[in-house]
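Peer 1: Coordinates only, no sequence provided:
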Ligand SMILES: *Cc1c(COP(=O)(O)O)cnc(C)c1O
């Protein structure tokens, strides 16, 4: 099997080997040391700055999206949510559920956010901004410089779901004044699912003090207090956190986040060159390195997904709902090589010869 989905993705040997080991007890100095190093490396790779902190939540990326909404906002706030697909919609759902006042910038599938659309909300007393840096469902990477400029001008607290962008696209939390950044274990971190990560800059740490605790399991104040000694309030996904540690150390030894960015960008570029001339249209106006979203012009996207899976042992990523027949996605994150791209291209050519696409 070759896995080109956008998560869970393929892991390196080192990460796989840890997955085969017994899971150790964790209220120990040894595990604390691993967690403190995980925090240090996450801060470094996000360029979050010395005074930032990191919380590791046992729960997939959505748990950290929910944690960010309930720990930083309440009835005093007025939020902007960028909704360009199913992950933007998730932030909308959270705002609804928790009764927050919000405005939604709804974008058509594949469309980027423009300055005109954004600056309609200028000077109107908004206090919070929720955005998925890369709307993974359609493959759109938003202009973070633009969003950062807008939030700084309006003194808006900026929460960025970078779950599929972290390590795939350059992210500079300090430069962009991102207050909260979220990622997850099963995307470019290339570990099994089960852990998500929240990086908090100073303003976020201060803001937390102003907001009451509304959820026991996702209480960031509690998580931060325990994190000071490298621990978590509850039993975490110990095995996955050990795998994350190995992966972060591996990235560090290979040149850090920038080098990982280049590797993923290289794979994406290689794939995008090789599909030229094939009956696919690229969906997104502005692409992340993490994924290429394709609209097949001659066949159902879902049929391509099924045929590749069942007859070639290759997994691309299907889309759900209304886009199921329109779009499929090819991921460039995880333990993949350009030779793997060649295998996929060969399968596409075979599908063409068989008259399927
Ligand atoms: C994968 C992803 C998530 C999180 O999904 P989970 O299934 O909860 O891990 C959230 N936002 C984006 C942009 C994603 O790509």
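Peer 2: Sure, I can see it. Just so it is clear, the structure is predicted and the values come from calculations on it, not from any experiment.
Peer 1: And the residue in the stretch 1-150 of the chain that the ligand sits nearest to, its phi and psi?
Peer 2: Among all residues of the stretch 1-150 of the chain, residue 61 sits closest to the ligand, at 2.8 Å; criterion: Cβ to the nearest ligand atom. Just so you know, the C-beta spots here come from the backbone N, C-alpha and C atoms, and that holds for glycine as well. Main-chain dihedrals, residue 61, degrees, to the nearest 10: phi -50, psi -40.
Peer 1: And the helices in the stretch 151-300 of the chain, which stretches?
Peer 2: Taking DSSP state H, counting those that start in this stretch, the helices of the stretch 151-300 of the chain run over residues 173-176, 202-208, 220-227, 238-253, 256-274.
Peer 1: I'd like those helices as a markdown table, with distance to the ligand appended.
Peer 2: Putting the helices of the stretch 151-300 of the chain into a markdown table (distance: least, Cβ to the nearest ligand atom, whole Å) gives the following:
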| stretch | distance to the ligand |
| --- | --- |
| helix 173-176 | 17 |
| helix 202-208 | 19 |
| helix 220-227 | 17 |
| helix 238-253 | 12 |
| helix 256-274 | 14 |
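Peer 1: Tell me how many other residues surround the closest residue to residue 33 other than its chain neighbours.
Peer 2: Spatial nearest neighbour of residue 33, excluding adjacent residues (Cβ to Cβ, 6 or more residues apart in numbering): residue 230 at 6.4 Å. Residues contacting residue 230 under the criterion other Cβ atoms under 10 Å number 19.
Peer 1: what's the answer for residue 191, then?
Peer 2: Neighbour count for residue 191, taken as other Cβ under 10 Å: 32.
Peer 1: just residue 313 next, same as before
Peer 2: For residue 313, using other Cβ under 10 Å, the count is 12.
Peer 1: and if you look at residue 207?
Peer 2: Here the count is done by other Cβ under 10 Å, and residue 207 has 17 residues near it.
Peer 1: which residue sits closest to it in space, ignoring its chain neighbours?
Peer 2: Among residues not flanking residue 207 along the chain, residue 72 sits closest, at 5.8 Å (Cβ to Cβ, 6+ apart).
Peer 1: Okay, the one you found and residue 322: tell me how far apart.
Peer 2: 32 Å (Cβ to Cβ, to the nearest Å).
Peer 1: Those two - which one has more neighbours?
Peer 2: A side-by-side neighbour count of residue 72 and residue 322, using other Cβ under 10 Å, places residue 72 first with 23 against 9.
Peer 1: so who does the residue nearest to the spatial centre of the chain touch?
Peer 2: For the chain, the residue nearest the mean C-alpha position is residue 163 (1.3 Å; Cα atoms, centre = their mean). Neighbouring residues of residue 163 by Cβ atoms under 8 Å, 6 or more residues apart in numbering: 61, 87, 132, 136, 182, 183, 184, 187, 196.
Peer 1: So the third one is in contact with residue 161, correct?
Peer 2: It stands for residue 132. Yes - judged on Cβ atoms under 8 Å, residue 132 makes contact with residue 161 at a distance of 4.3 Å.
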